[in-house]
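Chemist: sequence first, then the predicted structure:
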Amino acid sequence: MKYSSLLPACVLAMLCVPSVGYADADTVRIMQLDSVRVRSLLPRRDITSVTPLQTTDRIRMRLTNVADLTDAFNHMAGVFLRDYGGTGGMKTVSVRGLGASHTGVTLDGISMTDVQTGQVDLSRYNMMDIESAELVVAEKTGLLQSARSASSSATIEFHTTPTDTASPSKHSLTLEQGSFGHYAMRLLWQQRLSGRWSIQAAGGALRARNDYPYTLTNGQQQTRERRINNRVGTYDIGLSSRLLTGGNGMLRAAVNWYDSRQHLPGQVVYYNPSNNEQQRDRAFLASLSWRGTLFPRWSLAVRSKWDWNECRYKDISDIYPHGSWTENYRQQEGYFSGVAGYAPSSWLQMAYAVDYFHNGLISNQSVNGSVSRHSLLQSLTAVARWPRLTLNGRIIYSRYINQADLVADARDYSHWNASAAASVRLLPEEQLYLRTFCKGIFRLPTFTESYYYHLGNPDLSPEKTRQLGMGLSWQKRPASWWKLFACTLDAYFNRVSDKIVSVPMNLHQWRTVNIGEIRALGCDFTMESCWPVRPSHDVVLHASLSIQDVTDRTVSGSPSYGRQLAYIPRLSGSLSLASENPVLSTALSLTGCTHRWATHEHAPSTRLPGYAELTASLWRTLQLRGNRTLSVRLVLRNLCNKSYSVIKGYPMPGRSYRVAIGMNF
């Protein structure tokens, strides 16, 4: 019997042992362990936003059994998480059927991008460093929002852990161990150097074999197989500093290094389980930002960054002339953003934003030579606020200039877009809001779509998107025994024209063209409720439900016309129930969706059945001497050992566990 298999049982025993105080003996001093009291368990959500806004933080992640940061998006309405299986597998988010390339990502206000593919892999972000995450549909009401952030159909905003101003220093160490050879460590060090200046360092490493078993169905035959060539190892380190300046301003500087080595198992192939694909990713990011007030009516936000990414792919096989195939990509971006805000009156605010960024990509294989893009975005925003009404309007001008060596340049592009949103409080005595919005925006072709060998097309036009939505938000404290009830209900209509798709030109060559049109109709519902059973003991219920009809409207009479798009379920949702108290906290959650299809044509062999995954967790936080705390958490995932795949050919892990032990000192 392996000793690692005893760890969950030992941790469970520790969780269940009650806190006991011991009197000091003559010569022996024994530390007293007290459970940390729970206060202000569930922060209230912002329901006054003029566009749909869903927020999760450390508390909500704990209460919904989030083990990895990407798990949090399974509990948000209107979101489909593409998961390629296991720790380290690529994970992207599609919002309201628009596709992952339409979803922008920011980290502390700085835009994160992958200009090569247009999709940001969320598995790179570590949950231990993230204080909160927001999913914004269309755009936020915030005045000092960058033009680039407002140019996406939806945006995921990550916010890192702020420096603790209550104590001069804070340190934390977290260790994780889980099924299939999962080991992880995270260290956070914060130091307040003065009343205005603080620094923070964070770093961690992760190793996993990921050799989990799965069920392979081949006709009427079912066999138990195991994922091989699926090892992953990553480490990262970051350093940041915050300085409070005059005018309620804050200057923040940060640098980060990320390194990942993966063995890629690839899609499951009948009668051929072997695979020898490998990939290494490295990334460096440096950012500098300042935000504050210049004069009583003027505010300013300045953001800048430089990042460098390298991806090295290798496939070892006898089918290649030299025994292997390699693809190396190196991309970099320089970015600057400035936003000036002005409040001419108490009810009106205006802002002008300008963003410039330069992207470059060099490849040894798929892009002939090097390609680059200059981008200039400008936006003008107006926000009018009255006691019960908020209006938001924005105009965006975009200009893109493409350059390429050895091949034809992609088309330059410039365009005007506009958006408008409103929120009204329906009843003066109730937190009941009606909101509506409309937005026109576009997605520029990625470098892969424009230049990829035997696939790219430099004459592509952007995908144009039109978004319409209307919703209700309600939040209140119904009674003394019912601390919080909050719910949202949204309906939306999206249309994407000039959809970029790849079509075969002959037996050996494909071509990427603008021929697609997509229509999305849907309804999203979220609910959150909290009941105080007794002091320091709350029960929390969270639920979400999405109904999506996302269909192809390109060519009437074609095999895919009127059919649901690939990998988008018509019905998906989540339900979680948690009890947090000083003795032993527990949570139970269920996530799932109806069947999906792996192709737009809905061939019978491409049907993926629906699934529901049940997860449970136990945790406890103990107070040590001084201000030190010790927390222990056990997460049991996929309790029913459900066999399913989110993406065809990439089976998900079955029943597994993960244990996390953290100490703050």
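Modeler: Yep, it's here.
Chemist: bridging residues for Asn309?
Modeler: For Asn309, the beta-bridge partners are Ala283, Gln331 (DSSP bridges).
Chemist: how close does it get to Asn256?
Modeler: 12 Å (CB to CB, to the nearest Å). All C-beta spots, glycine's among them, are computed from the backbone N, C-alpha and C.
Chemist: common neighbours of the two, please.
Modeler: Counting by CB atoms under 8 Å, 6 or more residues apart in numbering, the contacts common to Asn309 and Asn256 are Ala283.
Chemist: what ranges do the strands span in the stretch 101-250 of the chain?
Modeler: 103-107, 110-112, 130-137, 154-160, 169-178, 182-192, 197-208, 213-218, 221-226, 232-245, 249-264 (DSSP state E, counting those that start in this stretch).
Chemist: what is the mean pLDDT for the longest one?
Modeler: Meaning strand 249-264. The average pLDDT within strand 249-264 is 94.
Chemist: with just CA atoms, put that strand into CSV.
Modeler: Extracted in CSV, the C-alpha atoms of strand 249-264 (Å, rounded to 0.1, in the frame of the first residue of the first chain):
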residue,chain,number,x,y,z
GLY,A,249,-3.3,57.5,-6.5
MET,A,250,-1.5,54.2,-6.6
LEU,A,251,1.6,53.2,-8.6
ARG,A,252,2.0,49.5,-9.3
ALA,A,253,4.9,47.7,-10.9
ALA,A,254,5.1,43.9,-11.5
VAL,A,255,7.2,41.3,-13.2
ASN,A,256,6.4,37.7,-13.7
TRP,A,257,8.1,34.6,-15.2
TYR,A,258,6.3,31.4,-16.2
ASP,A,259,7.8,28.1,-17.5
SER,A,260,5.8,25.0,-18.4
ARG,A,261,6.9,21.6,-19.8
GLN,A,262,4.2,19.2,-20.9
HIS,A,263,3.8,15.8,-22.5
LEU,A,264,0.7,16.0,-24.7
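Chemist: in the strand ranked longest in the chain, what's buried?
Modeler: The residue-count maximum for a strand in the chain (DSSP state E) belongs to strand 510-534. Of all the residues in strand 510-534, those buried under the rule 16 or more other CB atoms under 10 Å are 512-514, 516-531.
Chemist: what's the closest of the strands of the stretch 101-250 of the chain to Gln119?
Modeler: Closest of those to Gln119 is strand 103-107, at 8.1 Å (criterion: CB to CB).
Chemist: now do that closest one against strand 130-137, angle only.
Modeler: Going by axes from the mean of the first three to the mean of the last three CA atoms, to 10 degrees, strand 103-107 is angled at 150 degrees with respect to strand 130-137.
Chemist: for strand 103-107, name the packing helices and strands.
Modeler: Counting contacts by 3 or more CB pairs under 8 Å, 6 or more residues apart in numbering; DSSP states H and E, strand 103-107 packs against strand 91-95, strand 110-112, strand 154-160.
Chemist: may I see those strands organised as a markdown table, with mean neighbour count, mean pLDDT and distance to Thr488 added?
Modeler: Below are those laid out as a markdown table (neighbours: other CB atoms under 10 Å; pLDDT from 0 to 100; distance: least, CB to CB, whole Å):
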| stretch | mean neighbour count | mean pLDDT | distance to Thr488 |
| --- | --- | --- | --- |
| strand 91-95 | 24 | 91 | 15 |
| strand 110-112 | 22 | 90 | 26 |
| strand 154-160 | 21 | 92 | 16 |
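Chemist: could I get these as JSON lines with distance to Leu636?
Modeler: Formatted as JSON lines, these follow (distance: least, CB to CB, whole Å):
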{"stretch": "strand 91-95", "distance to Leu636": "21"}
{"stretch": "strand 110-112", "distance to Leu636": "32"}
{"stretch": "strand 154-160", "distance to Leu636": "27"}
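Chemist: Arg435 is nearest to which of those?
Modeler: With respect to Arg435, and counting by CB to CB, the nearest of the helices and strands packed on strand 103-107 is strand 154-160 at 15.6 Å.
Chemist: with adjacent residues omitted, what lies nearest to Arg280?
Modeler: Closest residue in space to Arg280, ignoring its immediate chain neighbours: Arg312 at 4.6 Å, by CB to CB, 6 or more residues apart in numbering.
Chemist: burial of the one you found, as a residue count?
Modeler: Residues lying near Arg312 (other CB atoms under 10 Å) number 16.
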